[in-house]
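Q: With the sequence up front, the predicted model follows.
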Amino acid sequence: MAGKQFPSLAHARRASSRCLLAVGALLVFSAVYFLLLSPSPPRPVASPLSNPSTTTSFVASLDRFLDSPHHPAASSAAPGDLDAAIRSEEEARLYGDPRGAWPAAPAPLRVYVYEMPRKFTYDLLRLFRDSYRDTANLTSNGSPVHRLIEQHSIDYWLWADLIAPESQRLLKNVIRVERQEEADIFYVPFFTTISYFLLEKQECKALYREALKWMTDQPAWQRSEGRDHVIPVHHPWSFKSVRRFVKKAMWLLPDMDSTGNWYKPGQVYLEKDVILPYVPNVDLCDYKCVSETQSKRSTLLFFRGRLKRNAGGKIRSKLVAELQNIEDIIIEEGSAGAKGKVAAQTGMRKSLFCLNPAGDTPSSARLFDAIVSGCIPVIISDELELPFEGILDYSKIALFVSSTDAVQPGWLVKYLRGIDAKRVREMQSNLLKYSKHFLYSSPAQPLGPEDLTWRMFRSLCKCWDLTDTVIFAITVYPFHARNADCWQAGEHQVAYSAVAARGQRIKKRMHISRIAVALLYLSLA
């Protein structure tokens, strides 16, 4: 009997061992699973500042730029018959090697950069540098005029990267071409903001008229009426006296002001224009800074700036009345200059949330100051359009509150106090990751604002290409081979009304329906 029972005992032991191994494996798996799900401090994120040769300072970059030799493009003249040259170029792409017409890898955007007379470019940059230390020239609201130029200096950052030697450039999704017939778009390097602020009024208007004539005399402009030309007009007042003559061109803007105060009806819309972030006024709070300040952020909500504004900014006075005298909320009048910068930077680095109400325009540089400071933006601006929407998911780094809710007694404070610590840590970690998208630098960095700008334009160009050749493209080439950028662009390049409600961004409708395109493909297949 005992001999017959022994195999059963061994079998039971083996079964027990397998059971223990299974339980052990399950415990290990569970531990790893919960470890991965548990909140953790932000990990180091590569920063443009980690490279000693990289700078995000406009003044430092400008000094280096102006002191280095610059060589014009090898050939800046337009061909005798630009239409014929472009037609030949496109036929070679479309009817040549089928594998080359719609490449599997996204082709770089081809930009022709005009060689404008120096009075529109280098002379204005030198004027800025030579007068930079003189802060006596103030705007009507008391801000040093040079700081205003800096925060709208997107024209410099884009141009400096485009004309840099290719061996020094890091961006691969955009290239400068030397022949106009090869270009997808044309870049006009006129410094509209510097000329507005640093020239006398009549001198500025005269220069605007000269630039307008120079532009509109170009064969490429006359061929398209400027539709494929990019003009930087990032300050709402820049180029204002002649804008009506270039409204078909693509504008680089800070926002889509819909009040009519800055842009006239029909001048700006998302089918053609691209919104770019302001240049931050404060220093980047990097991984080390975030780690050091995380436990010191004792202020719930922080705002430092003008407490009274016109247009959509009238909500500021209502918010002041609602939020003043609350213990862990700081709402204070801002000041210009170095002291103002230090006060704003210090306040943002001590705060969990930073208030971003509308000002004279729907947007302000304060939003991007908050992002690079690790302070979660609370955006209260019902007409705000954000840079690179459709590429960046702002719900991961910002809270959106409607103006109606924000001024309700006690609503905003209760809403912010109700956000759990885990979500706050997640958003702070995301801010650290997203900050690179808002830091202009020299050289321009992959996924920086310069890079994302050209990605937006590449999406626009692909949509135009589709509009012109949709029948040919869909019938000759497989639908799945088309790059998806165009359909993504349909989600963010369309004119729409910005809506915000209870801290959540409302999704926007597509202008070009993917279903409609799919049906068109099926009908032609």
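A: That came in fine, so what should we check first?

Q: Parallel or antiparallel, list what pairs with the helix or strand containing residue 379.
A: Using DSSP states H and E, residue 379 maps to strand 376-380. Partners of strand 376-380 in the sheet, by DSSP bridges, are strand 351-357 (parallel), strand 399-400 (parallel).

Q: Just the CA coordinates for the longest one, please, in PDB.
A: It refers to strand 351-357. What follows is strand 351-357 as a C-alpha-only set of coordinates in PDB (Å, rounded to 0.1, in the frame of the first residue of the first chain):
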ATOM      1  CA  SER A 351       2.900  78.100  -7.500                       C
ATOM      2  CA  LEU A 352       0.900  75.100  -8.600                       C
ATOM      3  CA  PHE A 353      -1.400  77.000 -11.000                       C
ATOM      4  CA  CYS A 354      -0.800  80.100 -13.100                       C
ATOM      5  CA  LEU A 355      -3.800  82.300 -14.200                       C
ATOM      6  CA  ASN A 356      -3.800  83.100 -17.900                       C
ATOM      7  CA  PRO A 357      -6.800  85.400 -18.600                       C
END
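
Q: Look up the pLDDT of the closest residue to residue 209 other than its chain neighbours for me, please.
A: The shortest distance from residue 209 to any non-neighbouring residue, by Cβ to Cβ, 6 or more residues apart in numbering, is to residue 242 (6.5 Å). Any C-beta I mention is one placed from the backbone N, CA and C, and that applies to glycine too. Residue 242 is assigned 96 on the pLDDT scale.

Q: Please apply the same query to residue 117.
A: For residue 117, pLDDT reads 98.

Q: residue contacts, it?
A: If you count contacts by Cβ atoms under 8 Å, 6 or more residues apart in numbering, residue 117 has them with residue 214.

Q: Domains in this structure, by residue range?
A: With automatic domain parsing as the criterion, the domains of the chain are listed as 50-275, 287-438.

Q: For the ones you listed, give me JSON lines that also has distance to residue 452.
A: Formatted as JSON lines, those follow (distance: least, Cβ to Cβ, whole Å):
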{"stretch": "domain 50-275", "distance to residue 452": "9"}
{"stretch": "domain 287-438", "distance to residue 452": "5"}
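
Q: highest average neighbour count across those domains?
A: Stretch with highest mean neighbour count among these: domain 287-438 (a mean of 19; mean count of other Cβ atoms under 10 Å).

Q: one step back: C-alpha coordinates for the strand holding residue 379, PDB please?
A: The C-alpha trace of strand 376-380 is given here as PDB (Å, rounded to 0.1, in the frame of the first residue of the first chain):
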ATOM      1  CA  ILE A 376       0.100  74.600 -14.700                       C
ATOM      2  CA  PRO A 377      -1.700  77.200 -16.800                       C
ATOM      3  CA  VAL A 378      -5.400  78.000 -16.100                       C
ATOM      4  CA  ILE A 379      -6.600  79.400 -19.400                       C
ATOM      5  CA  ILE A 380      -9.600  81.800 -19.200                       C
END
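
Q: What are the contacting residues of that strand?
A: 301, 315, 319, 352-358, 367, 370-371, 397-403, 406, 412, 416, 424, 427-428, 431, 500.

Q: could you redo the last one with a cut-off of 6 Å?
A: Taking contacts as Cβ atoms under 6 Å, 6 or more residues apart in numbering, the residues outside strand 376-380 that touch it are 353-357, 367, 370, 398-401, 403, 406, 427.

Q: One more: stretch 248-267?
A: Contacts of stretch 248-267 (Cβ under 6 Å, 6+ apart): 225-227, 229-234, 236, 247, 268, 272-276, 311, 361-363, 383, 385.

Q: And the average pLDDT for that stretch is what?
A: 83.

Q: again with stretch 398-411
A: 93.

Q: repeat for stretch 330-342
A: Regarding stretch 330-342, the rounded mean pLDDT is 85.

Q: Ends of that stretch, what's the gap?
A: Terminal residues of stretch 330-342 lie 15 Å apart, using Cα to Cα, to the nearest Å.

Q: Other residues contacting that stretch?
A: Outside stretch 330-342, the residues that touch it by Cβ under 6 Å, 6+ apart are 142-144, 281, 299, 302-305, 307, 320, 323-324.

Q: Inside strands: which ones of the residues you listed?
A: 299, 302-305 (DSSP state E).

Q: could you pull out the strands for the stretch 51-200 of the chain?
A: 109-113, 174-176, 185-187 (DSSP state E, counting those that start in this stretch).

Q: The longest one - which strands sit beside it in the sheet, and in what orientation?
A: According to DSSP bridges, strand 109-113 forms sheet pairs with strand 174-176 (parallel), strand 185-187 (parallel).

Q: Name the surrounding residues that touch the first one.
A: When you say that, I think you mean strand 174-176. Counting by Cβ under 6 Å, 6+ apart, 108-111, 113, 162, 454 sit against strand 174-176.

Q: In the stretch 151-300 of the chain, where is pLDDT below threshold?
A: 258-260 (pLDDT under 70).

Q: Residue 403: what's it in contact with?
A: Contacts of residue 403 by Cβ under 6 Å, 6+ apart are 315, 380, 382.

Q: again, only using 10 Å
A: Contacts for residue 403 (Cβ atoms under 10 Å, 6 or more residues apart in numbering) come out as 312, 314-315, 318-319, 357-358, 380-383, 500.

Q: what's the answer for residue 344, then?
A: Counted by Cβ under 10 Å, 6+ apart, residue 344 has contacts 281-282, 302-305, 332, 334-335, 354, 366, 369-370, 373.

Q: rerun at 7 Å
A: Neighbouring residues of residue 344 by Cβ atoms under 7 Å, 6 or more residues apart in numbering: 282, 304, 334, 369.

Q: Could you do residue 446 as well?
A: The contact partners of residue 446, taken as Cβ under 7 Å, 6+ apart, are 170-171.

Q: Let me see the confidence value for it.
A: 96.

Q: still on that earlier bit, a markdown table for the strands of the stretch 51-200 of the chain, including distance to residue 262?
A: Output for the strands of the stretch 51-200 of the chain, formatted as a markdown table (distance: least, Cβ to Cβ, whole Å):
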| stretch | distance to residue 262 |
| --- | --- |
| strand 109-113 | 27 |
| strand 174-176 | 28 |
| strand 185-187 | 23 |
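
Q: out of those strands, nearest to residue 436?
A: For residue 436, the closest of those is strand 174-176, at 17.4 Å, according to Cβ to Cβ.
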